[in-house]
Every structure is written in C-alpha cells, then in structure tokens.
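Student: Turn this into a model:
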Amino acid sequence: MKAMICERIGADATLVFGERPDPAPEAGRVTIAVAAAGVNFADLLMLAGRYQEKPPVPFVPGLEVAGTINALGAGVEGLAVGQRVLALLDHGGYADYASARADDVVALPDDVDDAEAAGFAIAYGTALSALEWRAGLQAGETLLVHGAAGGVGLCALEVGKAMGARVIATARGAERLEVARRAGADLVLDSERADLVGAIGEATGGRGVDVVFDPIGGRPFEVAMKTIAWQGRIVIVGFASGDVPSIRANVLLVKNVAVSGLYWGSYRRHDPARLRDGLRRLLEWRVRGSLRPVVSARLPLERANDALDLLRHRRATGKVVLLTGAPPA
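Tutor: From the prediction side, this is the model:
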C-alpha cells in the first residue's frame, strides 16, 4: 500500500511517500480501505516526539480515518465487510489501508461523506467531551471559544451552540472572524486586539464568561483567567501557540474557578463505550443539521507535508484531510 512514512522524529521531521505492507486482519480488529484521513495538530506533536504516544520509527502517522471495512479479524461482531465507517487509530491513517480496534470503529450515516467523516471524530469528540463531560456547560451560559476558526475551535463553537450556549468566539484576522460568524457565533472578537479583556467584559456586562474552551494556551489562556466568571470553568485542550501557561492558584480560589485538562484520546483506553456513544450522538446532530462540518482543505495523500504545514502555521480554517487512492472493499 502507499503511505506517508516518518523515518525520523524531530522538530524538522518530514514525511516520505513510499510503500508499506498491507495490514493483516488481527483478532479484535478490522482493516479499512481508507478513503480519507484527518490531519490533526497531534500529528505534528507525534512527528516532533512531543506527543503522549511515541510509536517506534519508522511509522505512518494519522489518528483518524474514514473508509470501508476491508476485512474482519477473529471475534469482531456488529461490523461487516463493505460497511462505511470512521475509525480512531494509535497511528497509521496516512495510508491506503489501516488497522483499527473494533472498539474504535463507528458506522457512518449515508449522507456524511468520507472527507467530512475523516475529520469528524477527534475535533467534534474533543468539543463535546470538553464542554459536556469536563465543563458541564448548560443552556443559557456564555461560552468563550479561543481559536474558533481552527479545526477543533470551530467544532467547539458549533457544539456549544447545539447545547444552547451563547458563544463568544475569538480568532485572528477578518477572514477567520467571518468563518466563526458564519458558524453561528453570537459575537466574534479579534484575538490580536489589545483590549480583548475589556471587550469580553463589556459583552458580558462585567460578569465574565461561564466556560472557556482553550486549544491555544499563551495569551488566550491569560485572557481566559481574566474574564472567567465566578464559578466559571476553563478547559485546556492544547497549546497551539507553543506556550504552556502557568496557572495562578489564588485566582482559582478567589473566583471559585475550576480548570480542567482534556486528553480526549485517553477515553479510548479508559472509557471507550462513552466515547463511541458520544460520536454516535454527534453524528445524529450532524444528520439533523445541528452541526455543519467545515473541511477547508482536501489534499492528496502524497501532499501530507503541505497539509501539516497548514496546521503548523495556523493557516487552516476548519479541518484538513488527505484523500487516498485505495479501492473500496
């Protein structure tokens, strides 16, 4: 099979287009003819050796795919050859074929296309688990989403609206602000403006925001700490800025604030049933129109390095996916 291969790890690591053996069906697993693979910031961290999981080199990156089941391993039930699915992986998605645990596979509705599905699970799954499971967001509350035009931020904006929140979205520049506005944000604010804290305070009548979704760290996290309401909740989902912030514990004490971290992938190990149920629910929201996934770039597999650069330089608005040439089952 064709694949994009990481032959060395480091800050300047690039992928090589080559061939790898087709995966064989193993017990408890399925093989998938990959139609599309999602590109995630976590892939960049894995290539740099800074991700929680560190596969041995050489390896094929890619944490989520959509396609058609090609073969079933022993003991797999409830899935069938020829079925369209999305799947979560430890790695291996940037290839014509991938192997996935049956527990990490979810059937796709007919009206969700492969490119959309390939970028669906991690971004929307992260948004739902952050806002519902970690923050307990309630209808009528005010949600601040940083990086709201990026892949995961845009999903958090949509999920927040679907849950009945008022959403304040921050993004950088007029084009990104328009993306967030079209996605349904109640208020969009340029993240570069000097008076961002004051603008959020004015928009909330001085009360502050109830929940913050932060995939960026750095200055946006400082803004979150200054604008969080009494008994507010901040969920940290990443550090796209490269700046891991420190937390002033006295602010948490005085304002009764809770700060939670979220590594969504850990639910695959600790609570896979909850993760699958969440994905099925999100797909139902998508089918009825509550979610409108944005795929901003669809590139062929051999252009994986270009796809990663879109994330590395924060030029993506919505999800980036790779399209493969694998035939269906």
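Student: quick one, what contacts residue 167?
Tutor: Going by Cβ atoms under 8 Å, 6 or more residues apart in numbering, residue 167 touches 142-145, 148, 157, 160-161, 184-187. C-beta: built from backbone N, CA, C; applies to glycine.
Student: now, which of those sits nearest residue 7?
Tutor: The shortest gap between residue 7 and any of the contacts of residue 167 belongs to residue 148, at 35.8 Å (Cβ to Cβ).
Student: and the closest one, what is it in contact with?
Tutor: By Cβ under 8 Å, 6+ apart, the contact set of residue 148 is 154, 156-157, 167, 169-171, 176, 180, 183, 185, 188.
Student: so it is in which element?
Tutor: If you go by DSSP states H and E, residue 148 is not part of any helix or strand.
Student: From residue 169, how far out is it?
Tutor: Using Cβ to Cβ, to the nearest Å, we find residue 148 at a distance of 3 Å from residue 169.
Student: got any residues that touch both of the two?
Tutor: Counting by Cβ under 8 Å, 6+ apart, the residues touching both residue 148 and residue 169 are 157, 180, 183, 185, 188.
Student: Tell me the most packed of the residues you listed, by neighbour count.
Tutor: Counting neighbours by other Cβ atoms under 10 Å, residue 157 leads the shared contacts of residue 148 and residue 169 with 30 neighbours.
Student: How many neighbouring residues does the nearest residue to residue 302 once chain neighbours are set aside have?
Tutor: Spatial nearest neighbour of residue 302, chain neighbours left out: residue 17 (4.6 Å); criterion: Cβ to Cβ, 6 or more residues apart in numbering. If you count neighbours by other Cβ under 10 Å, residue 17 ends up with 15.
Student: Now go through the shared contacts of residue 148 and residue 169 and say which are in strands.
Tutor: Among the shared contacts of residue 148 and residue 169, the members found in strands (DSSP state E) are residue 188.
Student: Adding pLDDT and distance to residue 200, write the shared contacts of residue 148 and residue 169 out as TSV.
Tutor: Below are the shared contacts of residue 148 and residue 169 laid out as TSV (pLDDT from 0 to 100; distance: Cβ to Cβ, whole Å):
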residue	pLDDT	distance to residue 200
157	97	15
180	95	15
183	94	19
185	97	13
188	98	12
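Student: wait, which of the shared contacts of residue 148 and residue 169 is closest to residue 270?
Tutor: Closest to residue 270, out of all of the shared contacts of residue 148 and residue 169 and judged by Cβ to Cβ, is residue 157, at 27.0 Å.
Student: Could you measure from residue 325 over to residue 68?
Tutor: Distance of residue 325 to residue 68, given as Cβ to Cβ: 13 Å.
Student: Then residue 275?
Tutor: In terms of Cβ to Cβ, residue 275 sits 22 Å off from residue 68.
Student: These two - which one has more neighbours?
Tutor: The residue with more neighbours, out of residue 275 and residue 68, is residue 275; 24 against 19, by other Cβ under 10 Å.
Student: Tell me the secondary structure at the more buried one.
Tutor: helix (DSSP: H, G, I helix; E, B strand; the rest coil).
Student: Return the per-residue confidence for it.
Tutor: On the pLDDT scale, residue 275 is placed at 94.
Student: mind listing what the closest residue to it other than its chain neighbours touches?
Tutor: The shortest distance from residue 275 to any non-neighbouring residue, by Cβ to Cβ, 6+ apart, is to residue 267 (4.3 Å). By Cβ under 8 Å, 6+ apart, the residues touching residue 267 are 129, 274-275.
Student: what's the answer for residue 193, then?
Tutor: Contacts of residue 193 (Cβ under 8 Å, 6+ apart): residue 199.
Student: Same question for the one 4 residues further on.
Tutor: With contacts defined as Cβ under 8 Å, 6+ apart, residue 197 is in contact with 223, 226-227.
Student: Show me those that map onto helices.
Tutor: 223, 226-227 (DSSP state H).
Student: So residue 169 belongs to a strand, correct?
Tutor: Yes - counting by three-state DSSP, residue 169 falls inside a strand.
Student: I'd like the numbering to begin with 525 instead of 1 from here.
Tutor: With the count now opening at 525, the last piece we talked about shows up as residue 693.
Student: And it, what's its pLDDT?
Tutor: pLDDT, read off for residue 693, is 98.
Student: so where's the chain uncertain?
Tutor: 850-853 (pLDDT under 70).
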